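**Student:** For reference, the sequence and a predicted model appear below.
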Amino acid sequence: AQKVTQAQTEISVVEKEDVTLDCVYETRDTTYYLFWYKQPPSGELVFLIRRNSFDEQNEISGRYSWNFQKSTSSFNFTITASQVVDSAVYFCALSELSTGKLIFGQGTTLQVKP
Amino acid sequence: DGGITQSPKYLFRKEGQNVTLSCEQNLNHDAMYWYRQDPGQGLRLIYYSQIVNDFQKGDIAEGYSVSREKKESFPLTVTSAQKNPTAFYLCASSLDKGTSGGFDNEQFFGPGTRLTVL
């Protein structure tokens, strides 16, 4: 069965600290896609990144970076120099290619304090 | 502006009533999805549609119904058979199959409808 686990339920940091959100997934597929979404208090999910199983290169986008390690089935997300605006719930998800269904983790609530 | 709209933002329902949540997109996306989110939990798939006039059950379809008569629209009806409908409902859409040959494109989400049963 496919599954996504985000073991950190809540994280609280002080502004400018770096923070890493963990994501571990399970799948029997050889081709799969992983995603990260941000859910601010407004509720709408905002797409952050999409990564396929054949591309293990780390990706950096501004203060955001992602570390994909197939050997440990992990797709971790790091925010460098966190800001109060980063406060949100962050979801990691795995795509079921036959249907497009996203299998979500339970989410990590990040609170960045000034 | 291109995007996904959901209405209403807040909805109150009396027990025994059916209610319909609207979802419209002007992104020309083929696939559309309905997810349910309960407090402190991830999203769970209710129904999805990959093409007009066709839709499939997701993981928690019982007590819900959908239609897909137009590409742009994918309304969700919460029926009286849904025992615990109070939740946050999110609609999403995505392009057709991606480079993998499967549905691997990112999904774009609407702002959501918060349904409360009185």
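**Tutor:** Structure received.
**Student:** Quick check: next helix or strand after the host helix or strand of residue B:93?
**Tutor:** Using DSSP states H and E, residue B:93 maps to strand B:87-94. Where DSSP H and E defines the elements, the next helix or strand beyond strand B:87-94 is strand B:108-109.
**Student:** is chain A contacted by that following strand?
**Tutor:** Yes: Strand B:108-109 is in contact with chain A by CB under 8 Å from any CB of the partner chain, via B:108, B:109. For glycine as for every other residue, the C-beta is placed from the backbone atoms N, C-alpha and C.
**Student:** who does the strand holding residue B:93 pair up with?
**Tutor:** Neighbouring strands of strand B:87-94 in its sheet, by DSSP bridges, are strand B:31-37 (antiparallel), strand B:108-109 (antiparallel), strand B:113-117 (antiparallel).
**Student:** Reformat the ones you listed as JSON lines; add mean pLDDT and distance to residue A:2.
**Tutor:** Formatted as JSON lines, the strands paired with strand B:87-94 follow (pLDDT from 0 to 100; distance: least, CB to CB, whole Å):
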{"stretch": "strand B:31-37", "mean pLDDT": "95", "distance to residue A:2": "16"}
{"stretch": "strand B:108-109", "mean pLDDT": "94", "distance to residue A:2": "20"}
{"stretch": "strand B:113-117", "mean pLDDT": "94", "distance to residue A:2": "27"}
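**Student:** Just say which of those strands is most tucked in.
**Tutor:** strand B:31-37 (a mean of 25; mean count of other CB atoms under 10 Å in any protein chain shown).
**Student:** got a list of contacts for that strand?
**Tutor:** For strand B:31-37, contacts defined as CB atoms under 8 Å, 6 or more residues apart in numbering or on different chains pick out A:100-102, B:23, B:25, B:43-51, B:58, B:60, B:64, B:66, B:68, B:74, B:76, B:87-96, B:103, B:107, B:112.
**Student:** Also stretch B:68-86?
**Tutor:** With contact meaning CB under 8 Å, 6+ apart, stretch B:68-86 is reached by B:13, B:15-26, B:28-30, B:32, B:34, B:46-47, B:49, B:51-55, B:62-67, B:89, B:91, B:93, B:115-117.
**Student:** In chain A, which strand is the longest?
**Tutor:** Ranked by residue count under DSSP state E, the longest strand found in chain A is strand A:88-96.
**Student:** tell me which residues of it are tucked away?
**Tutor:** Using 16 or more other CB atoms under 10 Å in any protein chain shown as the test for burial, strand A:88-96 gives A:88, A:89, A:90, A:91, A:92, A:93, A:94, A:95, A:96.
**Student:** shouldn't the first one be in contact with residue A:42?
**Tutor:** Pointing back at residue A:88 there. No: judged on CB atoms under 8 Å, residue A:88 makes no contact with residue A:42 at a distance of 9.5 Å.
**Student:** tell me the contacts of the nearest residue to residue B:38 once chain neighbours are set aside?
**Tutor:** Closest residue in space to residue B:38, ignoring its immediate chain neighbours: residue B:87 at 5.3 Å, by CB to CB, 6 or more residues apart in numbering or on different chains. Each residue near residue B:87 by CB under 8 Å, 6+ apart is listed here: B:36, B:37, B:38, B:114, B:115.
**Student:** what pairs with residue B:87 across the strands?
**Tutor:** Here residue B:87 sits in beta bridges with residue B:115, as judged by DSSP bridges.
**Student:** That one and chain A, how far apart?
**Tutor:** 12 Å (CB to the nearest CB, to the nearest Å).
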